[in-house]
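Trainee: kindly return the folded structure for what I paste below:
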Amino acid sequence: MAYASKDLSVLAYANGFTLWHYITADAAVDVDTAGYFNTASDMLRVGDIIVANTDTDGTPTSGFFLVNANAAGVVDVADMTSVGSADTD
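Mentor: Numbers count the residues shown, from 1 in each chain. So this is what the prediction gives:
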């Protein structure tokens, strides 16, 4: 699959920082590939955080992506920092 603009939404904005939410059937490893968010390059800024629900049609994962580069229309996010990945009880 690929980035879908309808699945990216603003959760909060302040002082030049935006907290986003994104949901996708794509795996986190695909989402953190440089260029995945290129069509959103005019909205995403370095330092923004994307709260994400990934692989929603498989084994769902959730976490945070940090926008670590956005230059000349090419957006890159850091590898996802997972949340809720362990359930021992």
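Trainee: switch to C-alpha atoms for all contacts and neighbour counts from now on
Mentor: OK.
Trainee: quick one: name whatever helix or strand follows the strand or helix carrying residue 18.
Mentor: Element membership for residue 18 (DSSP states H and E) is strand 17-23. Going down the chain from strand 17-23, the next helix or strand is helix 28-31, by DSSP H and E.
Trainee: which outside residues touch that following helix?
Mentor: With contact meaning CA atoms under 8 Å, 6 or more residues apart in numbering, helix 28-31 is reached by 3, 36, 37, 54, 55, 61, 79, 80.
Trainee: C-alpha coordinates for it, PDB please?
Mentor: Below are the C-alpha coordinates for helix 28-31, written out as PDB (Å, rounded to 0.1, in the frame of the first residue of the first chain):
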ATOM      1  CA  ALA A  28       5.700   0.100  10.500                       C
ATOM      2  CA  VAL A  29       8.900  -0.900   8.600                       C
ATOM      3  CA  ASP A  30       7.200   0.400   5.400                       C
ATOM      4  CA  VAL A  31       5.900   3.600   7.000                       C
END
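Trainee: list the buried residues in it.
Mentor: Judged by neighbour count (16 or more other CA atoms under 10 Å), helix 28-31 contains these buried residues: 28, 30, 31.
Trainee: can you show me the strands along the protein?
Mentor: Secondary structure of the chain (DSSP state E): strands located at 8-14, 17-23, 49-54, 61-71, 74-77, 81-83.
Trainee: could you tell me the least trusted of those?
Mentor: Ranked on mean pLDDT, the bottom entry among the strands of the chain is strand 81-83, at a mean of 93.
Trainee: now tabulate the buried residues of helix 28-31 in CSV and tack on pLDDT.
Mentor: Shown next, in CSV, are the buried residues of helix 28-31 (pLDDT from 0 to 100):
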residue, pLDDT
28, 96
30, 96
31, 97
